[in-house]
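>>> Just the structure for this:
(2 chains)
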Amino acid sequence: MKAILVDDERIARQELRRLLMAHPEVEIAGEAANAEEALLLIPRTDPDLLFLDIQMPGMSGFDLLDRLREVPEVIFTTAFDRHALQAFDVNALDYLLKPIAPARLAIALQKLEGRRSRPKLEQVFLRDGERCWIVKIEEMDLLEAEGNYTRVFFRKERPLVPGSLAAFEQRLNPATFFRASRKHLINLNSLEGADWSAGGNLVVKLRGGHEVELSRRQSTNLKELLSL
Amino acid sequence: MKLKINYLYWTCQILGWGGYSAIGFAITTFYIGWHPAVVVGFGLFLLYSIALTHLLRVQIKRRGWLLLPAVRGLPRIFGSAIFVGLIETILIVTLAQVLPGENSFDRTAIVSTAGGVTFVTCTWAAMYVGINWNRRYRQAQLREVQLQLTLRQAELRALQAQVNPHFLFNSLNTIRGMVVEDPARAQHMITSLASLLRRALQSSRAQLVPLADEMDAVADYLSLEATRFEERLQVSLEIDPDARKFTVPAMLVQTLVENAVKHGISQLSSGGTVCVRGIQNHDALVLEVKNPGKIRDPDPSGTHTGLDNARERLRLFYGDRATLELSESNGAVTATVLIPGIVRKETG
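Numbering: from 1, shown residues only, chains lettered A, B, ... in the order given. Next comes the predicted model:
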């Protein structure tokens, strides 16, 4: 497993390196002292795992994730950041408090191993104000345009994140995500049923109870797509 | 608040004078029988009594008699109340003669009327003063409670700021690394951290300490941070021997230096130098803490709380005579503190 260490303190990176010596399965592919360095390093090394400090000069750890098209597995490392730790959904990620306890590091890596034995899923980083999530693309049921923002529906969450629906559509696999209407992009894998509206348009039901009415043209397109 | 007090005032005016007029009317009617003139007389009495005492109130408020010390305020208020009583007497007697009926007053009746009416206006003044004093007393008590509450909150904040958890855990992490890399340095760091923690646990923020002591703590703090940030943090401490004798609020310089590291050094990949300068200027102490960086808008996580806290403590100790200014020039931020020399402690 290839890992990258991102922390602005050399001693902290060195300390993490020493702790990781007990885990030979983790290969350290590089180190970055700030987010800018990490942005250059990540595409070059294509890591499976990021050890990421939150408070760094210039861009924070969250800002870095915001800039990544595809997010590797992330383990946050921070000394004390009550604010940031409350911000993200701890179920989706793991975080280690410095000084890092070796046993705690082992647990985090074990958790990751369990996750990696399943087929790898792409994931993205979403941020709405002070809350953050790392979301598997498969988990996203529906995306709804709200001006220059997009509301993303997954699990029971529905954050409003920056970026137009068109920008999201470009990033997502067109075989899975279908443009239902001007305002909606739906995940075909979360389709649970369909019905006809009074106006003769297709109304799809999605996982999580969302209902979306398709435009006339897209009703025809989806019908063809599904009957194939 | 204002509406409520006016409401109270007008209720008292109408009920008080109304009740007094009603009783007077009842007694008069009982003795001399039913006369329309008596009805008119007491009706007018009710109206001009309210009007005259209201004028008295306007006067008391406009001239601020209630704000004067009692020895000077009360004679003015009661003097005016007696004056109002005399005007009322004149009105009563005059109206009694103008109105039809046999209501003429003889000399004795005039004197007793004057006495009675003046007594009533003085009672009015006494009640007015009493209610106002009571209200002011309660407001003062409320202010006292609010002040206590503010102090308590400040103490709590100070306690949380004394040991900055972010600093503490980062230092421990650095020490953990140093144990392997440079054991002598690790030992030195543990000593510095121990003395900082001891100081934080022992000293109260509500006290003044010699600048020399404060600078010892600052040096401990900066040596720990310099190890953590390595070449990113350079330190320059220049304190004049004269300046070291001044006393400063405990943790004042430390707060400014922590800010310099947090908002200056740690935001810059290349880091820079934190300069602390202390000089005596005339009778005042001038302290400067300078770091590379920019003044940023306060963010919701509380960027300026440390600075606000320092200002608050300066105000508690020195009132308006001490200042704390933040300025920016040539890519550097300087916090300048000016402390008056009155609390200067002469040693030796």
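
>>> Spell out which parts of chain A neighbour chain B.
Residues of chain A found near chain B (CB under 8 Å from any CB of the partner chain) are A:8-12, A:14-15, A:18, A:33-34, A:55, A:57-58, A:79-81, A:83, A:97-100. C-beta: built from backbone N, CA, C; applies to glycine.

>>> Give me the subset of the residues you listed lying in helices.
Members of the residues of chain A next to chain B lying in helices (criterion: DSSP state H): A:10-12, A:14-15, A:18, A:83.

>>> Put the buried members of these into a ChimeraX selection.
One line in ChimeraX is enough to select the buried ones among these; burial here means 16 or more other CB atoms under 10 Å in any protein chain shown:
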select /A:10,11,12,14,15
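
>>> Can you name the two of the ones in helices among the residues of chain A next to chain B that sit furthest apart?
Farthest-apart pair in these is A:18 and A:83; separation 28.6 Å (CB to CB).

>>> Determine the longest helix present in the chain.
Since no chain was named, I'll use chain A. Chain A, longest helix under DSSP H: helix A:102-117.

>>> wait, I meant chain B there
Longest helix in chain B, counting by DSSP H: helix B:107-162.

>>> Check whether it comes into contact with chain A.
No - shown here: helix B:107-162 not in contact with chain A (CB under 8 Å from any CB), separated by at least 11.1 Å.

>>> Residue B:270 versus the residue of chain A positioned farthest from its centre, what's the distance?
Centroid-distance maximum for chain A: residue A:198 at 37.7 Å, with CA atoms, centre = their mean. Distance from residue A:198 to residue B:270, counting by CB to CB, to the nearest Å: 66 Å.

>>> Test my guess that residue B:243 contacts residue B:283.
No - if you go by CB atoms under 8 Å, residue B:243 and residue B:283 don't touch, sitting 11.9 Å apart.

>>> neighbour count winner among those two?
Neighbours were counted for residue B:243 and for residue B:283 using other CB atoms under 10 Å in any protein chain shown; residue B:243 has more, 21 against 10.

>>> ok, back up a step: quick one: least confident of the ones in helices among the residues of chain A next to chain B?
Across these, the member with the lowest pLDDT is residue A:83, scoring 62.

>>> hmm, back to that, show me how far the longest helix of chain B is from its chain's centre.
19 Å (CA atoms, centre = their mean, to the nearest Å).

>>> other SSEs contacting the helix or strand just after that helix?
Using DSSP states H and E, the helix or strand that directly follows helix B:107-162 along the chain is helix B:165-181. When contacts are defined as 3 or more CB pairs under 8 Å, 6 or more residues apart in numbering or on different chains; DSSP states H and E, helix B:165-181 sits against helix A:10-20, helix B:183-202, helix B:211-229.

>>> residue ranges for the helices of the stretch 201-348 of chain B, please.
B:211-229, B:252-259, B:305-318 (DSSP state H, counting those that start in this stretch).

>>> tell me what the longest helix of chain B is packed against?
Packing partners of helix B:107-162 (3+ CB pairs under 8 Å, 6+ apart): helix B:2-32, helix B:36-63, helix B:70-98, helix B:305-318.

>>> which of the ones you listed is buried the deepest?
Looking across the helices and strands packed on helix B:107-162 with neighbours counted as mean count of other CB atoms under 10 Å in any protein chain shown, the highest average goes to helix B:305-318: a mean of 18.

>>> What's the mean pLDDT across it?
Mean predicted lDDT for helix B:305-318 stands at 80.

>>> what about residue A:109, how many neighbours?
19.

>>> just checking, it touches residue A:24?
No - using CB under 8 Å as the test, residue A:109 is too far from residue A:24 to be in contact (11.2 Å).

>>> Which residues are in contact with the closest residue to residue A:100 other than its chain neighbours?
Among residues not flanking residue A:100 along the chain, residue A:19 sits closest, at 5.9 Å (CB to CB, 6 or more residues apart in numbering or on different chains). Taking CB atoms under 8 Å, 6 or more residues apart in numbering or on different chains, we find residue A:19 in contact with A:100, A:102, A:105.

>>> Give me the buried subset of these.
Buried among these (16+ other CB under 10 Å): A:100, A:105.

>>> Generate CSV for the contacts of residue A:19, with pLDDT as supplementary columns.
Listed next are the contacts of residue A:19 as CSV, based on pLDDT from 0 to 100:
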residue, pLDDT
A:100, 94
A:102, 95
A:105, 94
